[in-house]
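Undergrad: after the sequence you'll find the predicted model.
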Amino acid sequence: MKIAIVHYHAGHGGVAEVICATSRGLTANGVPHVVLTGGARVFDELPHVTVDGLGYGANCPDAVDLLDELRASACAALGAPPDVWHFHNHSLGKNNTMHLLVALLASSDQRLLLHIHDLAEDGRPENAIHLGDRTHLYPSGPQVHYAFLNSRDRECFLRAGLHETRAHLLPNPMQSRTLASAESTSPVLLYPVRGIRRKNLGEFLLLTALAPVGTRGAVTRAPLNPAAKSFHDGWRRFARECGIAVEFDVVDRLEPVAGSGSSFETWCHHATHFATASVSEGFGMAFLESISCGKPLLGRKLPHLSSHGIRFPGLYDRILIPIDWVDSEIINSALHDAATGLWGAWGREAPDIKSIRSLLVRDGCLDFGNLPEVLQQRVITKLFEPGMKALLMVEHDGRIEPAAAWLAEALRFSTPSATLPGCCDPAVHAGNLINIYQTTATAEPAGRIDPEIILDTCLSPARFHFLTSPAPIRRPPPDFDAFRAIIFDIYGTLLIAPAGGVKPDAAADSSLREIIGRFGHQAPDSPGSALHAAVLRHHEASALPRPEIDLRAIWREVLSLPPDADTTALVIATEAAWHPARLMPGAAEMLRSPAVAGIPLGILSNAQCNTLHSLGDLADNFADDLVVLSYRHGVAKPSRFLFDLLIERLARRGITPEQVLFIGNDPLHDIEPAAARGFTTALFAGHPDSLRAGFCFPDHEIISWQP
């Protein structure tokens, strides 16, 4: 019996690991086989052939030609045509050809095993475009068998018409490789996943933020798909902004401790616990890997993964968020967009969002895991307010208790959470798989599999999830004429400048000393360090949550100048040398264009006395009463005070926030607080250095000031 195993790629990932284990098992049992994939190779020790046209995103114009190439490659490797074609995730829609190859083979009575790890219908609407007419997506015949990782998916296909004798439950194989934990004084949480959207990275950040002081978190790999990576990188920036101790894409890049190495095995060794926050899995490898490595697992429970008898005591069902913690308008808007996009991707009309929302709310609470990123972000930032962590609850095993207390208790345990079931033993898996291959030669009753029933099941409102729905849609650019006033952020929106903030900077000290000398003052040895120390003193002395300093006063203090000394020119000169700013391309033409002529323009920005000077004569375009700069008020964005001050000044002109367009590049400091105060918002993302940490739902998006 000769086997051809087919998959999209041979890169890192759960399916690739399963194929590696399968190949080793077949080799041990003397079964000739070849692995045919597109993409990168990590199968060097396995019988493997790369076939262009199989990879993610491949757009092959002629499936017949590709199948001929596939057959030729298999025959060359095996010395004869394969007896069984074993396809992994043929219906996932990662390219436009894989499912067509399967349909062609089925129509020519080839023996097939279609191994379902994930379903495009279950949370991958972006793949629908590659599947086209789904009529023959799931071929049926006496020689076509299916393998499933869990009983939930198997039952779905049985309801759709698959005969039970051709529906096999085949859990993933995993080799036990118990690793002793490295000595650690604080917990190290390892999330062993590629950080795509459904892995729910926001919840992993939440767990790390809730954990005892000193806890570190690590996500093993970043996504390769640019759209998925944007969410991963957004959470990375957010973690850095909030000071949450989570590192991203650590494998082969960062070391858990100095000198330890950065391999996956090293990270597993140094982890005290494995974590999972995923909201959708066929059979999550994080679950099996925690057992394999002998590490306790904590995080979100996925009920269908209990079908193999594995029980993890350190899992919860929901993280409970009081409904009044989230903005009702935002969740309704997000729900409308997500549902419309999800059902629309499959050519269907979305159900009434009220029916979906009623399923999301239970006992006055939402589940943190089923919130869009923008609301997850709001909840996490809320936890940093005094007393708020104590209000967050977790539901597990029919009980509700404070999440922080539950997590602290879960982190006390260092013994493995469970043991691998016998069905996951690689030798047992190989034996079961060979038996399935043999049954494909046995004629059994065949009935049609109805793909619409599978889609109906996956699109049930009860299974709706924000993180498996289409990403938030891009908003159109605004029509300036529709507003009575326009307010701009400055840095990253109208001006390009290096990262601001006062910090020690040895490279700048020489030029700073020269400038200070030109103004007739005696400079300290390290002006940057002296300025930084003074800023820290003022911040620590302030009772405000987001205090702002006035650089003119700080320089007077550092240089021991009289209180009435005018240091404005000094600030302008030092900032021009230290943090030089230039206009965003197209900004000057935009501000002078007829589109904004006659509309009052304003500024709300974290800024200093040099900021307007950096705009040059463009500063004349802004109304004095609508310019709110943080240094003048001792507080910085996203302080509500600054936005309320702007609202008060607009009111004197008879203008309400709803009539004002607020444009900024920072989701956390511009868009979210402006939206919360009723402004119409536009996110500016027109420069690589523009977009800051966080997620938001702007009313509009601007990708360039240039027409």
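TA: Thanks, I have the structure now. Residues are numbered from 1 along each chain as shown.

Undergrad: what sits against Phe488?
TA: 494, 601-605, 663-664 (Cβ atoms under 8 Å, 6 or more residues apart in numbering). Just so you know, the C-beta spots here come from the backbone N, C-alpha and C atoms, and that holds for glycine as well.

Undergrad: next one: the residue in the chain sticking out farthest from the centre from Arg111, what distance?
TA: Most distant residue from the mean C-alpha position of the chain: Gly520, 52.1 Å away (Cα atoms, centre = their mean). Separation of Gly520 from Arg111 (Cβ to Cβ, to the nearest Å): 90 Å.

Undergrad: lowest-scoring secondary structure element of this protein by mean pLDDT?
TA: Least confident helix or strand, the chain: helix 285-292 with a mean of 80, by mean pLDDT, DSSP states H and E.

Undergrad: doesn't Gly528 make contact with Leu512?
TA: Yes: counting by Cβ atoms under 8 Å, Gly528 is a contact partner of Leu512 at 6.5 Å.

Undergrad: now do the shared contacts for those two.
TA: With Cβ under 8 Å, 6+ apart as the test, Leu512 and Gly528 both reach Trp578.

Undergrad: run a quick neighbour tally on Asp62.
TA: 11 (other Cβ atoms under 10 Å).

Undergrad: which residues of the stretch 351-500 of the chain fall in helices?
TA: According to DSSP state H, counting those that start in this stretch, the stretch 351-500 of the chain carries its helices in the segments 353-360, 373-382, 403-412, 426-439, 451-458.

Undergrad: who does the longest one touch, helix- and strand-wise?
TA: Think helix 426-439. Other helices and strands packing on helix 426-439, by 3 or more Cβ pairs under 8 Å, 6 or more residues apart in numbering; DSSP states H and E, are helix 14-28, strand 144-148.

Undergrad: quick one: buried residues of that helix?
TA: 426, 429-430, 432-434, 436-437, 439 (16 or more other Cβ atoms under 10 Å).

Undergrad: and what of the first one?
TA: By neighbour count, with 16+ other Cβ under 10 Å as the criterion, the buried positions of helix 353-360 are 353, 356-357, 360.

Undergrad: next: stretch 496-509.
TA: Buried, per 16+ other Cβ under 10 Å, within stretch 496-509: 496-497, 500, 502, 505, 508-509.

Undergrad: quick check, distance from that stretch to the centre of its chain.
TA: 30 Å (Cα atoms, centre = their mean, to the nearest Å).

Undergrad: only alpha carbons, please: show it as CSV.
TA: Extracted as CSV, the C-alpha positions of stretch 496-509 are listed here (Å, rounded to 0.1, in the frame of the first residue of the first chain):
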residue,chain,number,x,y,z
ILE,A,496,6.7,63.2,11.2
ALA,A,497,9.1,63.1,14.2
PRO,A,498,11.2,60.5,16.1
ALA,A,499,9.7,59.1,19.2
GLY,A,500,9.2,61.9,21.6
GLY,A,501,9.7,62.0,25.4
VAL,A,502,12.6,63.1,27.4
LYS,A,503,15.1,60.3,28.1
PRO,A,504,18.8,59.9,28.6
ASP,A,505,20.4,60.1,25.2
ALA,A,506,24.2,60.1,25.2
ALA,A,507,24.3,60.5,21.4
ALA,A,508,22.4,63.8,21.7
ASP,A,509,24.3,65.2,24.7
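
Undergrad: quick one: contacts of that stretch?
TA: Stretch 496-509 is contacted from outside by 491, 525-529, 531-532, 535, 551, 554, 577-584, 606, 614, 687, 689, using Cβ under 8 Å, 6+ apart.

Undergrad: quick one: the strands in the stretch 601-707 of the chain?
TA: Taking DSSP state E, counting those that start in this stretch as the criterion, the stretch 601-707 of the chain carries its strands at 601-605, 627-629, 660-664, 680-684, 700-702.

Undergrad: adjacent strands (with direction) for the last one?
TA: Here strand 700-702 has these sheet partners by DSSP bridges: strand 680-684 (parallel).

Undergrad: doesn't Trp346 make contact with Pro470?
TA: No: between Pro470 and Trp346 there is no contact under Cβ under 8 Å: 11.0 Å.

Undergrad: so what sits against both of these two?
TA: By Cβ under 8 Å, 6+ apart, the residues touching both Pro470 and Trp346 are Pro125.

Undergrad: how does this protein divide up, domain by domain?
TA: Here the domain parsing of the chain from automatic domain parsing is 3-173+426-462, 188-326+371-424, 480-497+581-702, 506-578.

Undergrad: how about those domains, which one is nearest Leu342?
TA: Leu342 sits nearest to domain 3-173+426-462 of all the domains of the chain, at 5.3 Å, using Cβ to Cβ.

Undergrad: ok, residues contacting stretch 467-476?
TA: Stretch 467-476 has contacts (Cβ under 8 Å, 6+ apart) with 122-126, 197-198, 200, 227, 231, 279-280, 334, 337-339, 341-342, 345, 369-370, 372, 374, 682-683, 697-701.

Undergrad: list the buried residues in it.
TA: 467-472, 475.

Undergrad: so which of these comes closest to Ile321?
TA: Leu467 (14.7 Å).

Undergrad: could you tell me how far the closest one is located from Thr208?
TA: For Leu467 relative to Thr208 (Cβ to Cβ), the value is 18 Å.
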